[in-house]
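Asker: quick one, what's the 3D model for this:
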Amino acid sequence: MVTEGGKLTVFFEGPFWVGVFERVSAGKLSVCKVTFGAEPRDQEVWDFILRHYDGLKFGPAIEAEGKKKADHPKRRQRNVKRQLQASGVGTRSQQALQMRREEMKAQKKQASKEQHKAERQRRFDLKQQKRRAKHRGH
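Answerer: Predicted coordinates for the structure are as follows:
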């Protein structure tokens, strides 16, 4: 897969440290959220990326902005500094994470519904079997 760019944002959310991987591919943004637990050191984050990036489950892709034109190194440095000071996740990333949550919720609901239906059918079959056993002759 050809990836145009990626970004990792690590921030503190509740009792855990969370990392949000953003991946832009073919003009589409997809996001994956990872919970680290305790505050990860830079080396731990780098090691996590090297070992587990291929196994991450990114959510559905949403439309991303077009490619930005190249800017001067000083401006790029100021932008990096500004991004480091800003905490949290971008709005597009939040939307992608919300879409992923809703997708997982729908899948879980469907699986639960099927399991409930199978359990009801099993109980019905058992009841019918007992009923037939009662009506057999001696």
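
Asker: low-confidence bits of the protein, can you list those?
Answerer: 1-3, 65-68, 86-90, 137-138 (pLDDT under 70).

Asker: what ranges does it have for its strands?
Answerer: Ranges of strands within the chain are 5-13, 16-25, 28-37, 62-63, based on DSSP state E.

Asker: residue 70: which of those is closest?
Answerer: Of all those, strand 5-13 sits nearest to residue 70, with 13.3 Å by Cβ to Cβ. Any C-beta I mention is one placed from the backbone N, CA and C, and that applies to glycine too.

Asker: helices or strands next to the closest one in the packing?
Answerer: strand 16-25, helix 42-52 (3 or more Cβ pairs under 8 Å, 6 or more residues apart in numbering; DSSP states H and E).

Asker: how far is the last one from where the chain is centred?
Answerer: Average the C-alpha atoms of helix 42-52, do the same for its chain, and the two points are 18 Å apart (Cα atoms, centre = their mean, to the nearest Å).

Asker: what about the longest helix in the chain?
Answerer: helix 91-134 (DSSP state H).

Asker: about what we covered before: of all the strands of the chain, which one comes closest to residue 125?
Answerer: Between residue 125 and the strands of the chain, the shortest separation by Cβ to Cβ is 42.1 Å, and it involves strand 28-37.

Asker: Provide the contact partners of the closest one at residue level.
Answerer: 10, 16-23, 44-45, 48, 56-64, 92-93, 96-97, 100 (Cβ atoms under 8 Å, 6 or more residues apart in numbering).

Asker: for the strands of the chain, which one sits closest to residue 118?
Answerer: Here strand 28-37 is closest among the strands of the chain (Cβ to Cβ), at 31.7 Å.
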